[in-house]
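Enquirer: Provide a 3D model corresponding to the input given below.
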Amino acid sequence: MINRRRFFQSSLAAAVAYALPSPALYALDQAATQAAGGLAAVKLDGSATVIEQAALADLRASLRGPVMLAGDAGYDQARRVLNESINRFPALVVQPTGVADVQRAVAFARDHELLLAVKCGGHSPGGKSTCDRGMQIDLSGFRGVRVDPDSRTAWVDGGSLLGELDHEAMALGLVTTAGTVSHTGVGGLTLGGGFGRIARRYGLALDNVKAVDIVTADGNLRHASPDENPDLYWAVRGGGGNFGVVTNFEFGLHPMQREVIAGAVVFPIERARELLGFYGEYSSAAPDELYVDAILTAPRDGKPGAFVIAPVWSGPVSDAERAFAPLRKLGTPLRDTIKSWDYVALQRSTDNSDPRNEGTYLKSGFIDAFPAELPGAIADGFQPDPLRNTVLFFQQSGGAIGRVAADATAFPHRRSTHNMLSVVTWSLDDHAGPHMEYLRKYWSGLERFTNGYYTNETADEGQRVVDANYQGNLPRLRKIKTRYDPKNLFRLNANVLPA
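Expert: Numbering: from 1, shown residues only. Okay, the predicted model is just below:
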């Protein structure tokens, strides 16, 4: 038997090395602790703990999916998220292949009071789907979509990606709102809200959820729908990952033709102030079938920046030009790529331009109107830099999203007309500090126009800001959190603290 006090002290000393961005160093440290008789880890309260080898062996034997430690094949791929500036090292990674594996992993984390992260697509800008020295549940091995065209329903396994849902549903002439990047996880997107190119027409992804199956902190599998566990059904639609691991989503689908009209109209960056004003008016008057983004962008390679208006028309193709008529009056653009698209191809078209595959920092907020002074504030503070990609963009909301009451689901931001985001990305060889500081300063001049933010874009907000963002729904969320997760096992999210 090892000397537990000596092992505990050595574990704390080794913790210093865990912060080093080196998989090899971390693997060596963990190998040393295993040789001493256990696996060094961290508990929910941040204190050090040791997982005994016998407990690890029991966990492995109880699962169909793998348990991976530092140095194992697949560990580095599992632990990483799309924001490459986030480099964390879980003590162990569990990759469930089904519901029973999820239940066992949750129970293990609960019994050992381990810090717990849950990863689906890994798009969290703040890296909340990975962790240092805790357990990561990686759902990448738990994917699948089944569609029933008669009931217009899709059943989606908890680790599935949006592109899988789009592909299966659209093959039968059906859709539901599913983001704008096909490799995003269904779970993370839907539980926090779920915007997309057709959300103004069909509502948020969470508005189309008919039911979920969810493993809660006690390890039990529960079905949540309007008729069964209705409090949990309400809470998961906007409360994020606070209440457990969703193993299956049941989505309602809508008939839609495959052909949509979409593209980008690109203008010189010098016209940004003027065209931001146009965008505010144009998008605010748009019918539900029209979704319009606007992007102010300056690449880090020193090439000229641009202002881009990117519409998507999902209504009858014959009506597209009428919807785009105001754009045609803006003068000759630098480039116009508007054309007919296959909807599933359009959903994949921006996959490679998702900015969260370098060092990335993001700020965002909802706006409930487009005031006259907003374009000037955006244009005046926007500073291109040859060492970073600098972007300010709008995703349009409104339409069907806004016709749902603020307390009908846990998602309260129904008044918003747009989601305003600013992002900087940089080479991982560069220092992050100056770029992050620029964005914080820039955003400080824009935040006054916002009313809350999209929880899926949570990065470094404090608890007071997180609480305020749930607005009038917070007391009800805290009551439900207390019922299903009283010890706050699921805390790496836009966290709702138990009452």
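
Enquirer: the strands in the stretch 51-200 of the chain, which residues?
Expert: In the stretch 51-200 of the chain, the strands defined using DSSP state E, counting those that start in this stretch lie at 67-68, 92-94, 116-119, 135-138, 145-148, 153-157, 174-175.

Enquirer: The first one pairs with which strands, and in what direction?
Expert: Spelled out, that is strand 67-68. Strand pairing for strand 67-68, determined by DSSP bridges: strand 92-94 (antiparallel).

Enquirer: got it, and the fourth one?
Expert: Counting by DSSP bridges, the strands paired with strand 135-138 are strand 92-94 (parallel), strand 116-119 (parallel).

Enquirer: now swap in the last one and tell me
Expert: Strand 174-175 has the following sheet partners, assigned by DSSP bridges: strand 254-255 (antiparallel).

Enquirer: ok, then the element right after the strand it pairs with?
Expert: Moving toward the C-terminus from strand 254-255, the next helix or strand (DSSP states H and E) is strand 259-262.

Enquirer: would you list the strands paired with strand 135-138 in CSV and tack on mean neighbour count, mean pLDDT and distance to residue 51?
Expert: No exception for glycine: its C-beta is placed from N, CA and C like everyone else's. Below are the strands paired with strand 135-138 laid out as CSV (neighbours: other CB atoms under 10 Å; pLDDT from 0 to 100; distance: least, CB to CB, whole Å):
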stretch, mean neighbour count, mean pLDDT, distance to residue 51
strand 92-94, 27, 98, 7
strand 116-119, 28, 98, 13
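
Enquirer: nearest to residue 125, of these?
Expert: strand 116-119 (13.8 Å; CB to CB).

Enquirer: Might one say that residue 307 is in contact with residue 271?
Expert: Yes - at 5.9 Å, residue 307 and residue 271 qualify as touching, with contact defined as CB atoms under 8 Å.

Enquirer: which ones are touching residue 420?
Expert: Contacts for residue 420 (CB atoms under 8 Å, 6 or more residues apart in numbering) come out as 364, 365, 366, 367, 392, 393, 394, 446, 449, 450.

Enquirer: any idea which of these is closest to residue 237?
Expert: Using CB to CB, residue 366 comes nearest to residue 237 of the contacts of residue 420, at 17.2 Å.

Enquirer: Residue 413 versus that closest one, what's the distance?
Expert: 5 Å (CB to CB, to the nearest Å).

Enquirer: any residues in contact with both of the two?
Expert: 397, 451, 452, 454.

Enquirer: So in terms of bridging, what pairs with residue 221?
Expert: Beta-bridge partners of residue 221, as defined by DSSP bridges: residue 215.

Enquirer: on that earlier part again, any chance of the strands of the stretch 51-200 of the chain in JSON lines, with distance to residue 224 too?
Expert: Listed next are those as JSON lines, based on distance: least, CB to CB, whole Å:
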{"stretch": "strand 67-68", "distance to residue 224": "28"}
{"stretch": "strand 92-94", "distance to residue 224": "23"}
{"stretch": "strand 116-119", "distance to residue 224": "17"}
{"stretch": "strand 135-138", "distance to residue 224": "19"}
{"stretch": "strand 145-148", "distance to residue 224": "19"}
{"stretch": "strand 153-157", "distance to residue 224": "14"}
{"stretch": "strand 174-175", "distance to residue 224": "23"}
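
Enquirer: quick one: which of residue 307 and residue 271 has more around it?
Expert: More crowded of residue 307 and residue 271, by other CB atoms under 10 Å: residue 307, with 25 against 16.

Enquirer: Might you report the residue contacts of the more buried one?
Expert: So residue 307 contacts 266, 267, 268, 269, 271, 272, 275, 276, 294, 295, 296, 297 (CB under 8 Å, 6+ apart).

Enquirer: Surely it is in a strand?
Expert: Yes - assessed by DSSP: H, G, I helix; E, B strand; the rest coil, residue 307 belongs to a strand.

Enquirer: tell me the mean pLDDT for the one helix or strand residue 478 maps to?
Expert: If you go by DSSP H and E, residue 478 is part of helix 474-484. Averaged across helix 474-484, pLDDT comes to 98.

Enquirer: What of stretch 52-67?
Expert: Stretch 52-67 comes out with an average pLDDT of 97.

Enquirer: gap between residue 177 and residue 236?
Expert: Computed with CB to CB, the distance linking residue 177 and residue 236 is 16 Å.

Enquirer: scratch that, residue 99 is what I was asking about
Expert: With CB to CB as the criterion, residue 99 and residue 236 are 16 Å apart.

Enquirer: With neighbour numbers in mind, choose between those two.
Expert: The residue with more neighbours, out of residue 99 and residue 236 and counting by other CB under 10 Å, is residue 236; that gives 28 against 17.

Enquirer: I'd like to know which of the contacts of residue 420 is nearest to residue 377.
Expert: Distances from residue 377 to the contacts of residue 420, taken as CB to CB, are shortest for residue 446 (5.9 Å).

Enquirer: Around the closest one, how many other residues sit close by?
Expert: As a burial measure, residue 446 scores 18 neighbours (other CB under 10 Å).

Enquirer: Next: residue 330.
Expert: Residue 330 sits with 15 neighbouring residues when counted by other CB under 10 Å.

Enquirer: any idea how far the helix or strand in which residue 468 is found is from the chain center?
Expert: Assigned by DSSP H and E, residue 468 belongs to helix 463-469. From the chain centre to the centre of helix 463-469 is a distance of 18 Å (CA atoms, centre = their mean, to the nearest Å).

Enquirer: and what of stretch 411-429?
Expert: Stretch 411-429 sits 11 Å away from the centroid of its parent chain (CA atoms, centre = their mean).

Enquirer: first to last residue in it, what's the distance?
Expert: Terminal residues of stretch 411-429 are spaced 38 Å apart (CA to CA, to the nearest Å).

Enquirer: Give the buried residues for that stretch.
Expert: With burial defined by 16 or more other CB atoms under 10 Å, the residues of stretch 411-429 counted as buried are 411-426.

Enquirer: Same check on stretch 399-415?
Expert: Across stretch 399-415, burial judged by 16+ other CB under 10 Å covers 399, 400, 401, 402, 409, 410, 411, 412, 413, 414, 415.

Enquirer: Among the residues you listed, which one lies nearest to residue 480?
Expert: Distance to residue 480 across the buried residues of stretch 399-415 (CB to CB) is lowest for residue 410, with 8.7 Å.

Enquirer: Now the terminal residues of stretch 47-66, how far apart.
Expert: End-to-end span of stretch 47-66 (CA to CA): 26 Å.

Enquirer: What of stretch 328-344?
Expert: From its first residue to its last, stretch 328-344 covers 26 Å (CA to CA).
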